[in-house]
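> I would like to see how this sequence folds:
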Amino acid sequence: MPMRNDLPEIVPITGNLPAGFGFLIAEAGRQGHEFVERFHKAWLEGGERCDGPGEGLFAAFLDGRLAGMAAMVADPYAEDPRIGRLRHVFVMQAVRRKGVAAALVETCLDRGRSFELIRLRTRNPDAARLYERLGFVPIALDNATHVYRRPGAG
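All right, here's what the predicted structure looks like:
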């Protein structure tokens, strides 16, 4: 079977944010997604390190260029360490619908396998459809629109 070279490369981020992150911030801002800039500020201030148990920050690269980001963290809205949260999912518009977001989410779900439940919040109908395709279920909570429970989990 031939190897696809159009698949995104997903890389864990543990030190400095990757080159090109400024472009991600700028595009997200133009599209009204302020959460990328808020994440960046928190990262620079030493917060949002995504380095606890089951946590991780990931960057996606396509053709060697930064294409997107996503994070898995303990849910800051829950007082339960068994609940994780998918956060900061953003993909550059030019590479949307090329599997970048799905690869990022699947990587985050794999990293967060120690969490019994994973929640997220989105206002984006396209993103909601992606999350639902990947196993998230819509839910009506003040701080979450979707939940994911690992198959076989209680």
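
> what about the helices in this structure?
21-30, 35-44, 100-111, 125-133 (DSSP state H).

> I'd like to know which elements the first one is packed against.
Contacts defined by 3 or more Cβ pairs under 8 Å, 6 or more residues apart in numbering; DSSP states H and E place helix 21-30 against helix 35-44, strand 65-74. All C-beta spots, glycine's among them, are computed from the backbone N, C-alpha and C.

> export the last one to CSV, keeping only CA atoms.
Taking Å, rounded to 0.1, in the frame of the first residue of the first chain, the C-alpha atoms of strand 65-74 are listed here in CSV:
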residue,chain,number,x,y,z
ARG,A,65,4.1,24.1,7.9
LEU,A,66,2.2,24.6,11.1
ALA,A,67,-1.4,23.7,10.3
GLY,A,68,-3.2,23.6,13.7
MET,A,69,-3.1,22.9,17.4
ALA,A,70,-5.1,21.1,20.1
ALA,A,71,-4.8,20.3,23.8
MET,A,72,-6.0,17.6,26.2
VAL,A,73,-6.1,18.8,29.8
ALA,A,74,-7.8,18.0,33.1
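
> what is the mean pLDDT for it?
Strand 65-74 comes out with an average pLDDT of 97.

> how about the residue nearest the centre of the chain, nearest residue that isn't a chain neighbour?
When the chain is reduced to its mean C-alpha position, the closest residue under Cα atoms, centre = their mean turns out to be Ala70, at 2.5 Å. In space, Ala70 comes closest to Leu104 once its chain neighbours are excluded; the distance is 3.9 Å by Cβ to Cβ, 6 or more residues apart in numbering.

> burial count for the one you found?
Counted with other Cβ atoms under 10 Å, residues neighbouring Leu104 total 26.

> which residues touch it?
Pro8, Ile10, Phe58, Ala60, Gly68, Met69, Ala70, Val89, Val91 (Cβ atoms under 8 Å, 6 or more residues apart in numbering).
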